[in-house]
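Q: Sharing a sequence plus its predicted fold:
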Amino acid sequence: MLLTFQDRLRIPWRGGAKQVTVDNVLPVVLLVSLQLLAALDLYCSLVIFSLIPLLLAYLKRFLGRVLPKTKFFSLWLFWSGIYLVVLFESTVPLLELLPEENIAFVALMTLSFFCFYKANVRAALNHINQAQQQYKDDPSLGNGDSQTAILISDREDSDESDGRLACQTCRKYVPPRTYHCKVCATCVIKQDQHSVWLNCCIGRANHRFFLCGCVSSLLALWLFANLSLTSVCHPTPIFTLFGITVMLPDDCTDIYFQYDIALCFTGAIYALLMSLFILISLLKQFCLISRGYTGTEWQRGEHINRRNCLVNWKMFCLGQ
């Protein structure tokens, strides 16, 4: 029945209707439905925002087994950004925000979309060229079925790097610090992680764009949450910085009396929830980069502090 429904789920397109998979439609339907339900009252908000992390964690585990290359999470991230932008722009007259605040939010969201797009596009540059020398006829390497290539110590500054390194999964020679990704079905240079949110591996070629996208999206989410909460709730000034008064919400007891106000409030809570997970990811990234090793090396226990913190950050910024 599910296969029949998926086969009939098509959209009109030039040259014929295009088939749309369930995991491509489900993110936007789930996201909008949950947000609309959360704005009904306080109890709905508590249930929905407690359910979202559990739902995503379950889907990540389930889809990781049955559909590892799914676009569900990348589309969830995309539609989350679009939803917040549309919500913000539709309520700007209602919230009486300054034009500069609106421009700052849109600019940060645009920058985060651009960085994540570039990270996704440049992910292919991390893959080992299929035309590299194969070793299928080498009997000494066997028919390994490991998910990752054997982790090699950093020999970039050593004179003892005359040995050739090989991945036993895709059967090709690889440079140092290269790992095989089972989802991407290829070896990835300096693989940090396979990001389900971008549906690609993060490696040497796109790691900087990934980090920049996380930083800009974190700032955009914080700005959205602050502007929305201080507009729909009673604001209180905290401090003044460079002539700008920074305020935080004080009293939010009346927000559910008007549905559009409640939508702004729940959107801000959702933005804070997203920013929490992004902040945790960023802190982990900063620690790993400062120590000079990737997320994959950290997971495998290869905690080799190769250089000092400043040199590690310099190498990262230079893409080395």
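A: Yes, it's here.
Q: Now do L283: how many residues are near it, please.
A: 10 (other CB atoms under 10 Å). Placement of C-beta: from N, CA and C, glycine included.
Q: again with the one 3 residues further on
A: Residues contacting F286 under the criterion other CB under 10 Å number 12.
Q: What are the boundaries of the strands in this protein?
A: 10-11, 18-19, 165-167, 172-174, 178-181, 186-189, 193-195, 200-202, 234-241, 244-251 (DSSP state E).
Q: Now tabulate the ones you listed in CSV and tack on distance to A39 and mean pLDDT.
A: Shown next, in CSV, are these (distance: least, CB to CB, whole Å; pLDDT from 0 to 100):
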stretch, distance to A39, mean pLDDT
strand 10-11, 29, 60
strand 18-19, 33, 63
strand 165-167, 50, 76
strand 172-174, 51, 78
strand 178-181, 39, 88
strand 186-189, 41, 89
strand 193-195, 30, 92
strand 200-202, 33, 93
strand 234-241, 19, 73
strand 244-251, 17, 72
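Q: out of these, nearest to I269?
A: strand 244-251 (11.1 Å; CB to CB).
Q: Who are the packing partners of that closest one?
A: Counting by 3 or more CB pairs under 8 Å, 6 or more residues apart in numbering; DSSP states H and E, the packing neighbours recorded for strand 244-251 are helix 207-232, strand 234-241.
Q: Next up, phi/psi of the nearest residue to V121 once chain neighbours are set aside, please.
A: Excluding the flanking residues, the one nearest V121 by CB to CB, 6 or more residues apart in numbering is N206, at 7.9 Å. When read as degrees, to the nearest 10, the backbone of N206 gives phi -130, psi 10.
Q: For N206, give me its contacts.
A: Each residue near N206 by CB atoms under 8 Å, 6 or more residues apart in numbering is listed here: K118, A119, N120, V121, R122, A123, L125, N126, C200.
Q: Out of the residues you listed, the closest to K182 would be?
A: For the contacts of N206, the nearest to K182 is C200 (13.7 Å; CB to CB).
Q: ok, the spatially closest residue to that closest one that is not a sequence neighbour to L273 distance?
A: Once flanking residues are discounted, C200 sits nearest to A123: 3.6 Å by CB to CB, 6+ apart. Look at A123 and L273: by CB to CB, to the nearest Å, they are 27 Å apart.
Q: Looking at the two, which has the bigger crowd around it?
A: Between A123 and L273, counted using other CB under 10 Å, A123 has the larger neighbour count: 23 against 16.
Q: If I look at that one, what pLDDT would I see?
A: We have a pLDDT of 92 for A123.
Q: Please work out which of the helices and strands packed on strand 244-251 is packed deepest.
A: Across the helices and strands packed on strand 244-251, averaging neighbours per residue (mean count of other CB atoms under 10 Å) puts helix 207-232 on top, at a mean of 22.
Q: got the contact list for the residue positioned nearest the centre of the chain?
A: In the chain, the centroid-proximal residue (CA atoms, centre = their mean) is W197; its distance is 4.1 Å. Going by CB under 8 Å, 6+ apart, W197 touches F73, S74, W76, L77.
Q: Where does the prediction get shaky in the stretch 201-320 of the chain?
A: 241-245, 302-306 (pLDDT under 70).
Q: switch the cut-off to 80
A: 234-252, 301-307, 320 (pLDDT under 80).
Q: For R300, find the nearest of the helices and strands packed on strand 244-251.
A: Using CB to CB, those put helix 207-232 closest to R300, at 17.6 Å.
Q: Specify the angle between the closest one and strand 244-251 in degrees.
A: 60 degrees (axes from the mean of the first three to the mean of the last three CA atoms, to 10 degrees).
Q: If you count contacts, what does helix 207-232 end up packed against?
A: So helix 207-232, by 3+ CB pairs under 8 Å, 6+ apart, packs with helix 72-90, helix 92-95, helix 99-121, strand 244-251, helix 259-291, helix 309-317.
Q: The same query, at a cut-off of 7 Å, please.
A: Other elements packing on helix 207-232 under the criterion 3 or more CB pairs under 7 Å, 6 or more residues apart in numbering; DSSP states H and E are helix 99-121, strand 244-251, helix 259-291.
Q: The second one pairs with which strands?
A: Same thing as strand 244-251. Pairing partners of strand 244-251, with direction, according to DSSP bridges: strand 234-241 (antiparallel).
Q: hmm, who's touching the partner strand?
A: Strand 234-241 is contacted by residues T245, V246, M247, L248, P249, D250, D251 when judged by CB atoms under 7 Å, 6 or more residues apart in numbering.
Q: Recalculate using a threshold of 8 Å.
A: T245, V246, M247, L248, P249, D250, D251, C252.
Q: same thing with stretch 47-54?
A: Against stretch 47-54 from outside (CB under 8 Å, 6+ apart): L34, Q35, L37, A38, T266, I269, Y270, L273.
Q: where's L218 relative to F114, distance?
A: Computed as CB to CB, the L218 to F114 distance reads 15 Å.
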